[in-house]
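A.B. asks: Below are the sequence and a predicted model; questions follow.
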4 protein chains.
Amino acid sequence: MEPLFATRQTEALVPRIREFVLNELVPLETTDYLTGNFSTVARVLDQKRELVRKAGLWGLQHSIDEGGLGLSLCEFGQVSEVLAWSPFGHYTFNCQAPDIGNMELMHRHAPDVLRNQYLEPLKEGQIRSCFSMTEPEFAGSNPTRLGTVAERDGDDWVINGHKWFTSSADGSAFAIVMAVTSPDDAPHRRASMILVPTDTPGFERVRNISIMGEPSDHWGSHAEVRYTNVRVPVGNLIGAEGMGFALAQERLGPGRIHHCMRWIGISERCLDLMCRRAATREMEDGVMLGEKQFVQGWIAESRARIDAARLMVLRTAHNIDQQGAAAVRDQISEIKFFVADVMLTVIDRAIQTYGAMGITDDIVLPWYYRHERGARIYDGADEVHKTALARSILKGYGLDTRKPKPATTRSDA
Amino acid sequence: MEPLFATRQTEALVPRIREFVLNELVPLETTDYLTGNFSTVARVLDQKRELVRKAGLWGLQHSIDEGGLGLSLCEFGQVSEVLAWSPFGHYTFNCQAPDIGNMELMHRHAPDVLRNQYLEPLKEGQIRSCFSMTEPEFAGSNPTRLGTVAERDGDDWVINGHKWFTSSADGSAFAIVMAVTSPDDAPHRRASMILVPTDTPGFERVRNISIMGEPSDHWGSHAEVRYTNVRVPVGNLIGAEGMGFALAQERLGPGRIHHCMRWIGISERCLDLMCRRAATREMEDGVMLGEKQFVQGWIAESRARIDAARLMVLRTAHNIDQQGAAAVRDQISEIKFFVADVMLTVIDRAIQTYGAMGITDDIVLPWYYRHERGARIYDGADEVHKTALARSILKGYGLDTRKPKPATTRSDA
Amino acid sequence: MEPLFATRQTEALVPRIREFVLNELVPLETTDYLTGNFSTVARVLDQKRELVRKAGLWGLQHSIDEGGLGLSLCEFGQVSEVLAWSPFGHYTFNCQAPDIGNMELMHRHAPDVLRNQYLEPLKEGQIRSCFSMTEPEFAGSNPTRLGTVAERDGDDWVINGHKWFTSSADGSAFAIVMAVTSPDDAPHRRASMILVPTDTPGFERVRNISIMGEPSDHWGSHAEVRYTNVRVPVGNLIGAEGMGFALAQERLGPGRIHHCMRWIGISERCLDLMCRRAATREMEDGVMLGEKQFVQGWIAESRARIDAARLMVLRTAHNIDQQGAAAVRDQISEIKFFVADVMLTVIDRAIQTYGAMGITDDIVLPWYYRHERGARIYDGADEVHKTALARSILKGYGLDTRKPKPATTRSDA
Amino acid sequence: MEPLFATRQTEALVPRIREFVLNELVPLETTDYLTGNFSTVARVLDQKRELVRKAGLWGLQHSIDEGGLGLSLCEFGQVSEVLAWSPFGHYTFNCQAPDIGNMELMHRHAPDVLRNQYLEPLKEGQIRSCFSMTEPEFAGSNPTRLGTVAERDGDDWVINGHKWFTSSADGSAFAIVMAVTSPDDAPHRRASMILVPTDTPGFERVRNISIMGEPSDHWGSHAEVRYTNVRVPVGNLIGAEGMGFALAQERLGPGRIHHCMRWIGISERCLDLMCRRAATREMEDGVMLGEKQFVQGWIAESRARIDAARLMVLRTAHNIDQQGAAAVRDQISEIKFFVADVMLTVIDRAIQTYGAMGITDDIVLPWYYRHERGARIYDGADEVHKTALARSILKGYGLDTRKPKPATTRSDA
């Protein structure tokens, strides 16, 4: 915990949750659970969810009017960090992506009927949901390029399209799908978000995409989905027509904080594992691994960089709380690539510290190594955020990198 | 191919083998084969082995007196590179580790009876073998610390010990095990290599260790093995008693070349994939990924570093051919950490170039990402080779870093 | 400015000082002043010091009882950052090292007579001082190894020794010298600090050591000094006998904050220069340097890392203010190597952004490049702080890396 | 020396030259010579040049018909490496840039009259010369953008323009200037090279640009030059009209080899210094700096990377010798950024190894640190070569990054 951002709430909550994670979830890091499909471990986690409820910790991310604790983003970030000490933390507390994002979105923008039918059971953990945006045919770095279309037909939307990385689709009750509804509007006004129950005819989960050697299933799945003449009522619109990108944008700020604090929790966990190994592994008679300067360097650099990362993310969360996400868009870009880099470096060095054991599933490290490589890619590749940040800075120096260009006889990008 | 090291043999062989790999093996990179246990793909590869035989390419690594082509290490290295364009190349040509190392070892040091019984079918691909050296209780970076013991009892060795990372043990006909036979000799003279048929009572393959999410099996396995009063004839000794480390050392030079050239082949493959993506992925209207400087930087740096790596490895191979491994021990350390770093960086950048697709098993990249992380660890962690190289260099400046130290009141390593 | 740490004082002061630095000091960055000895520019800076007095900004680092503003360390750090936008900022405001450290030290620990005679004119900028600790014969990373000795002879100390990097000695009125006074005590209790007027017989400034091509003089000097039977009254002791290291340690916390915030100011200045160039340098018709991704990457990464660095340093300053330096010793180590690395990377990239112009003294960048390379070395090399931090962390895991070691037959550090 | 590229000539020459450099030039690395203007040391070097002549080593870079040794580029590269063990090596042997490049150019392309009048005394070391290409107003990365113009007026060229980084202009007898002679031709056919005696009216050396704190003079100068109605005979043309870029290009291949081998020599020298320090500097009682893993890591990585760099450069030189520079243009780009990076990293680590002493002019390291930072910039910034290499590679994949673009409404480079 960083005392600068500690509040009465975090001081009360964080140690309790840390305790829960260490006692109830970390012991689940067996080879079977770490390498099996998610449905295997989900059965146990459902029991753990009961313990969460009993401990009065269920739904802690919700606002007070929703029956939650009304944590600020900066407070929840600190909770998210300790949840991340286990790969199963967020799921057990029902604040896993993409459900947490869908809950926030629906709480703000879904009509009552959808909220009653879908949001309530989602909050109770009775159903799961997915978010269907990325398309294989278009670069994710440019979200206004979208092939999926929803056309108005009477009181229905008729949706056709092809998505992938619709995460957690397997077993979800519904998807929120991003589709072009106003193709002739300005690029950022073309799309809308529509709720599609996954049992609607024409919704086809083609496959769970195998990622890093593991197709997985259940919440752990990343699905390819085809929408073929999928018909849902017009009332399934989330927010207003053409607001798809605005809502996606709104989702991004808090979502970035969630992810980044999760990455910091992972980094801390891996540093902790690194130190345990360094303190106990004998290399020669009486000489421990932690006495080697190479390992000392990894530990010191990891410590410094994780501290830096946490301060940056909590500062950003604090600023979103105070001023809204729009005011600190640059900071939101900044933490994306900064924290992903810290995490992936720390994971890698933890593996190296463990030697041969570090690549075995006897330990959680390979799980992180495989599952978190995507951090540099999803939510906009690091490179996209770097250029966005630089452009925003350079605008302050009078350079508009997006000004129209004349035709050229050659390009020298 | 690097023309500097091209010979009549490589000029004839390499293009044929490249052709074979591209036509017969690269098409096997389906999600099923890339994520399944090795036995799944082994069935297909056995058919491909027939094609290798028909093409007259079987056994190309053997010396002329063994019916091979008598390639020099430097020549075989260049073959090894093109084999590595597929994860299945070396296996298909029956020059996969650890069998290739065992064949070399037995060819030189096994008594005739063992050669007839085990080496011949190994060379024919009728059986497989494993090498049993690493122990979980001792740091692999110091190979003289060994817990496995072979005691002489009449005409038998009686072996007791605990090993892991006995790679490919699952399905192997025999293991070559490293065990202490002369515990009172100098550390480097204590151990011997003994051939143990895996059906010997007391040889227990405890499990295939799950690595990076995948237990695998068959040639793809990495086994934990227990030896409990395993009894084999004294004639099963490979080389002389107490020569275990000397033989392991002898094995290292060529083994390092094999590995490093394989890593370079993998790097080339990944750079090729990176360029294919860069040249064909549209980011905006008419602007291809390859026009972005970030990607151009990755391509250029990868190209330069791979070229550097190849020159270093082939130079080292050439020198081993000319002067023997002992004369260029520093170069053999050098290529270990240099090439592993190049490969892992190129793999990582190739993944980044593919975006979301880069972490899916629709492409071979995650296979390399998972299976090759160990390159920084096995055969001595990079750090071990760096310190070994530095110490050897500093010896030339009069500093003996291994000289005895007086007792200290504190240590500041 | 980082709003998290803004106070009424910093909000009032920082913009005024920034204005002063930009208007009065940045224009002094001419080739002559950037490449000449310091005495050349000192003449102009003395005039600027008058402006500082007139503006009521003189002595802002002092406590209220000393007639200063009573800024906390965290507040002064923010001032220090903006002063660092010019190489001449700290000197002009009379809060340059080593004088600022000597002032703090004497304010707390010097007897009244020394304070009246030396501290007061020092605070007024009428004299300058130096700090004489580092010795060429001993590694600075282990400050308890010290060859300079002060022996008691009647009412005098008689000092003999050899120092270098006695910064600013040229023209200083006095030195505070670290000398062994109790050679038989525990290593950390052996030395004392003694004030030596530089006109004392036996104090010999051997030379101004040429650093990075520039011997300089005046405040810009780094002197080699010999002490030969230098005799000063016993009353010239600063603090108690044997307290030399404790005082040096005490000096370190605030000193580290001063340095690190100065480094952050330098980083900001260089990033600003980088952006100015990127926004205005045309590479081809209508294509500006800032449209190139390489440059965008440097800008974005620099922005993120500087933000991280500032948060870390101000957090540490805040904690020193609240809890004292001893409580956050790890953080004080952490910022040393983290911030030095950020600064040197940003300087280097700024140079690259300017192309050929970046290595000319037409611009301030080479000044920073030459003068700040030492940041990785002085106050303990980065490596020393990394190992110190790692050891402290590992102590929490039960590993005491300083425990006595038995004699060994070889060492494998 | 790399045995792969050793020849009878290099085996005879290299040890003799190494001996000369170590005995005659390395002792000149005093603070005075390292920090003074070049004219100070030039007086001594002129005496050393006499020793070179006496030793029969003068003019070794020339072809046999010019009275030289007829070394191949690959052979001369190996000589260049050992010359670089001293900052004064190349000058002493009269094969310093830009004179060596001007000699090659004039030997091939200058009319007899110019060769007699200028080339002969240049080869004898009686005069010096400079090369006047870079202009402050245009990015050096795009050499076809040029403001200097030479207009034909009767039998004269009348030259007007503004140059900088006309290296060694101070004291030179003549400049070879690049000027636009055919403004309406295709960009690569617009310019020509013209020889201008520096005493021609209108040739004004505005100043020696101060670089990294040092204006220097003589051969060490980097001048800003104005050409105002400079009138020279039409016969002063080097090569044909409009061939300026072709000749500059021709100059580049061998010039790159010269530079890169010089950088490798510098790297070797710094690694040697690093090892000397590591082997002799005591950190604690009986523990030498070289026993620390951090330092071991720097030594090992430096060793590996320098070896890699040398292999790459000599391979490229060998290929230029065999096939001409045009055939291996990619390799010529590759070595530029690869070797510059190696050198600058090794210099930096050598400084760090020396601690405080590493930034003093008591040792040669700061000289390299200051003078060689430009390596990432001159002859095309590293970034330019990376993009050039990547584009060339991607062309092989069907992507033409220079194809004409339609007008866009925004740019996303």
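C.D. replies: Thanks, I have it.
A.B. asks: Please name the nearest non-neighbouring residue to A:Asn208.
C.D. replies: With sequence-adjacent residues excluded and distances taken as CB to CB, 6 or more residues apart in numbering or on different chains, A:Asn208 is closest to A:Ser221, at 4.1 Å. Placement of C-beta: from N, CA and C, glycine included.
A.B. asks: got the contact list for the closest residue to chain B within the stretch 201-350 of chain A?
C.D. replies: The stretch 201-350 of chain A approaches chain B most closely through A:Ser210 (3.8 Å), counting by CB to the nearest CB. By CB atoms under 8 Å, 6 or more residues apart in numbering or on different chains, the contact set of A:Ser210 is B:Thr31, B:Leu34, B:Thr35, B:Thr360, B:Asp361, B:Asp362.
A.B. asks: switch the cut-off to 6 Å
C.D. replies: A:Ser210 makes contact with B:Thr31, B:Thr35, B:Asp361, according to CB atoms under 6 Å, 6 or more residues apart in numbering or on different chains.
A.B. asks: which ones among those come in contact with chain A?
C.D. replies: With CB under 6 Å from any CB of the partner chain as the criterion, those include B:Thr31, B:Thr35, B:Asp361 near chain A.
A.B. asks: domains for chain A, by residue range?
C.D. replies: Listed domain ranges for chain A are A:3-123, A:129-238, A:245-395 (source: automatic domain parsing).
A.B. asks: Give me the distance between the two termini of stretch A:227-238.
C.D. replies: Terminal residues of stretch A:227-238 lie 18 Å apart, using CA to CA, to the nearest Å.
A.B. asks: Just the buried positions in it, please.
C.D. replies: For stretch A:227-238, the buried set under the neighbour-count rule, 16 or more other CB atoms under 10 Å in any protein chain shown, comprises A:Tyr227, A:Val230, A:Val232, A:Asn236, A:Leu237, A:Ile238.
A.B. asks: Against chain C, how distant is the residue of the stretch 201-350 of chain A closest to chain B?
C.D. replies: Look at A:Ser210 and chain C: by CB to the nearest CB, to the nearest Å, they are 32 Å apart.
A.B. asks: Would you enumerate the residues in contact with the residue nearest to that residue when sequence neighbours are not counted?
C.D. replies: Distances taken as CB to CB, 6+ apart place B:Asp361 nearest to A:Ser210, at 3.8 Å, with adjacent residues excluded. Contacts for B:Asp361 (CB under 6 Å, 6+ apart) come out as A:Ser210, B:Thr31, B:Leu34, B:Thr35.
A.B. asks: The same query, at a cut-off of 8 Å, please.
C.D. replies: Contacts for B:Asp361 (CB under 8 Å, 6+ apart) come out as A:Ile209, A:Ser210, A:Ile211, A:Met212, A:Gly213, A:Pro215, B:Thr31, B:Leu34, B:Thr35, B:Trp367.
A.B. asks: likewise A:Met343?
C.D. replies: Here A:Met343 is in contact with A:Trp263, A:Ile264, A:Ile266, A:Ser267, A:Ala309, A:Glu372, A:Ala375 (CB under 8 Å, 6+ apart).
A.B. asks: just checking, next helix/strand downstream of the host helix or strand of the second one?
C.D. replies: If you go by DSSP states H and E, A:Ile264 is part of helix A:244-280. Using DSSP H and E, the helix or strand that follows helix A:244-280 in sequence is strand A:282-284.
A.B. asks: Would you mind measuring from A:Thr360 to B:Glu224?
C.D. replies: Applying CB to CB, to the nearest Å, the value for A:Thr360 to B:Glu224 is 10 Å.
A.B. asks: Over to A:Arg190?
C.D. replies: The gap separating A:Arg190 from B:Glu224 is 57 Å, by CB to CB.
A.B. asks: Give the buried residues for stretch A:2-14.
C.D. replies: For stretch A:2-14, the neighbour count (16+ other CB under 10 Å) marks A:Glu2, A:Leu4, A:Phe5, A:Gln9, A:Thr10, A:Leu13, A:Val14 as buried.
A.B. asks: Chain C versus the residue of the stretch 51-200 of chain A at minimum distance from chain B, what's the distance?
C.D. replies: With CB to the nearest CB as the measure, A:Ala139 is the residue of the stretch 51-200 of chain A nearest to chain B, at 5.0 Å. Between A:Ala139 and chain C the distance is 15 Å, computed by CB to the nearest CB.
A.B. asks: How about the contacts made by that residue?
C.D. replies: Residues near A:Ala139 by CB under 8 Å, 6+ apart: A:Arg145, B:Arg281, B:Glu282, B:Met283, B:Leu289, B:Gly355.
A.B. asks: residue of the stretch 1-150 of chain A with the smallest distance to chain C?
C.D. replies: A:Leu4 (6.1 Å).
A.B. asks: Need the pLDDT of that residue.
C.D. replies: Per-residue pLDDT puts A:Leu4 at 95.
A.B. asks: what are the ranges of the strands in chain A?
C.D. replies: For chain A, the strands defined by DSSP state E occupy A:129-132, A:149-153, A:156-167, A:174-180, A:191-197, A:203-208, A:222-233, A:237-238, A:282-284, A:287-288.
A.B. asks: just the angle between the third one and strand A:149-153, please?
C.D. replies: Computed with axes from the mean of the first three to the mean of the last three CA atoms, to 10 degrees, the direction of strand A:156-167 lies at 160 degrees from that of strand A:149-153.
A.B. asks: which secondary structure elements does strand A:156-167 contact?
C.D. replies: strand A:129-132, strand A:149-153, strand A:174-180, strand A:191-197, strand A:222-233 (3 or more CB pairs under 8 Å, 6 or more residues apart in numbering or on different chains; DSSP states H and E).
A.B. asks: again, 10 Å this time
C.D. replies: strand A:129-132, strand A:149-153, strand A:174-180, strand A:191-197, strand A:203-208, strand A:222-233 (3 or more CB pairs under 10 Å, 6 or more residues apart in numbering or on different chains; DSSP states H and E).
A.B. asks: Run the angle between the last one and strand A:174-180 for me.
C.D. replies: Inter-element angle recorded for strand A:222-233 and strand A:174-180: 80 degrees (by the same axes, to 10 degrees).
A.B. asks: What's the mean pLDDT across strand A:222-233?
C.D. replies: Over the span of strand A:222-233, the pLDDT mean works out to 98.
A.B. asks: do the third one as well
C.D. replies: Strand A:174-180 carries an average pLDDT of 97.
A.B. asks: if we can go back for a sec, adding pLDDT, write the contacts of B:Asp361 out as CSV.
C.D. replies: Converted to CSV, the contacts of B:Asp361 look like this (pLDDT from 0 to 100):
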residue, pLDDT
A:Ile209, 97
A:Ser210, 97
A:Ile211, 97
A:Met212, 96
A:Gly213, 95
A:Pro215, 90
B:Thr31, 93
B:Leu34, 95
B:Thr35, 93
B:Trp367, 97
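A.B. asks: Can you tell me which of the residues you listed is nearest D:Arg391?
C.D. replies: D:Arg391 lies nearest to B:Trp367 out of the contacts of B:Asp361, by CB to CB, at 29.7 Å.
A.B. asks: Would you check that the closest one makes contact with A:Ile211?
C.D. replies: No. Using CB atoms under 10 Å as the test, B:Trp367 is too far from A:Ile211 to be in contact (12.0 Å).
A.B. asks: So between the two, which is more surrounded?
C.D. replies: Using other CB atoms under 10 Å in any protein chain shown as the criterion, B:Trp367 and A:Ile211 rank with A:Ile211 on top: 24 against 21.
A.B. asks: In space, what's closest to A:Leu71 - neighbours in sequence excluded?
C.D. replies: Using CB to CB, 6+ apart and skipping the chain neighbours, the partner closest in space to A:Leu71 is A:Gln9 (6.1 Å).
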